[in-house]
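>>> Pasting the sequence and the predicted model now:
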Amino acid sequence: DAKTTQPNSMESNEEEPVHLPCNHSTISGTDYIHWYRQLPSQGPEYVIHGLTSNVNNRMASLAIAEDRKSSTLILHRATLRDAAVYYCIRYSGAGSYQLTFGKGTKLSVIP
Amino acid sequence: EAGVAQSPRYKIIEKRQSVAFWCNPISGHATLYWYQQILGQGPKLLIQFQNNGVVDDSQLPKDRFSAERLKGVDSTLKIQPAKLEDSAVYLCASSRGGGGNQPQHFGDGTRLSIL
């Protein structure tokens, strides 16, 4: 049970912003939202994470809804190198936090 | 900062043979994870270590899979005997600690093919 819902696939034009949505309606107060991406033949790569507030780093921005039941990963200018499977994960656990991966969103970037 | 190192990169064996994978985490990372990723699916956690102790191995098929992390640094994952359904990519990850605020860093995995 991945506990998050993401679209199976999305497309974006190169150099356009991309908004990847994620629903996590059963999130609890101690659960973090983590995003990872996986390029072909590579291991998952950490992108960003947050708890309640919006977060920015050099790779992306994470917008978390006020009720925390959904979040959006924002890539400000998509490049061909951003084509990957993006996983939104509710990082939760009592005692040990564990990543439970779902199927993710396959992002295609069109030149 | 060097990333998570895994070897070998690829391994082909016949069913019922044994195989071992090695992982060297990022220096200073106390928590180490092994995942199994079957083609077309997301990674599935097999075992989690905190230093050299097991935190969770509830999804590890213990009749054939074993893992150890001696001295709290390197780790090995072994399969004996292998079955056809074990064909997958085996990923190792590490983090500074096991808390939710700690991102995990993954190696590129070992791709195992069972003939």
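Great, that's in hand. Numbering: from 1, shown residues only, chains lettered A, B, ... in the order given.

>>> helix/strand/coil for residue A:28?
At residue A:28 the chain is in coil, as set by DSSP: H, G, I helix; E, B strand; the rest coil.

>>> which residues does the closest residue to it other than its chain neighbours bridge with?
Closest residue in space to residue A:28, ignoring its immediate chain neighbours: residue A:92 at 6.6 Å, by Cβ to Cβ, 6 or more residues apart in numbering or on different chains. For the C-beta atoms, the positions are set from N, CA and C on the backbone; glycine is no exception. As for beta bridges, residue A:92 partners with residue A:98 under DSSP bridges.

>>> thought residue A:92 was touching residue A:30?
Yes: using Cβ atoms under 8 Å, residue A:92 is in contact with residue A:30, at 7.0 Å.

>>> touching chain A at all, stretch B:105-115?
Yes: Stretch B:105-115 comes into contact with chain A (Cβ under 8 Å from any Cβ of the partner chain), by way of B:105, B:106, B:107, B:108, B:109.

>>> any common contacting residues for residue A:92 and residue A:30?
residue B:100 (Cβ atoms under 8 Å, 6 or more residues apart in numbering or on different chains).

>>> about what we covered before: list the contacts for the residue nearest to residue A:28?
Residue A:92 sits next to A:3, A:27, A:28, A:30, A:31, A:32, A:98, B:100 when contact means Cβ under 8 Å, 6+ apart.

>>> now swap in residue B:10 and tell me
Per Cβ under 8 Å, 6+ apart, neighbours of residue B:10: B:110, B:111, B:113.

>>> Nearest to chain A: which residue in chain B?
When scored by Cβ to the nearest Cβ, chain B has residue B:42 as its residue closest to chain A, at 2.9 Å.

>>> How about that residue: what's its closest non-neighbour residue?
That would be residue A:101: by Cβ to Cβ, 6+ apart, it lies 2.9 Å from residue B:42.
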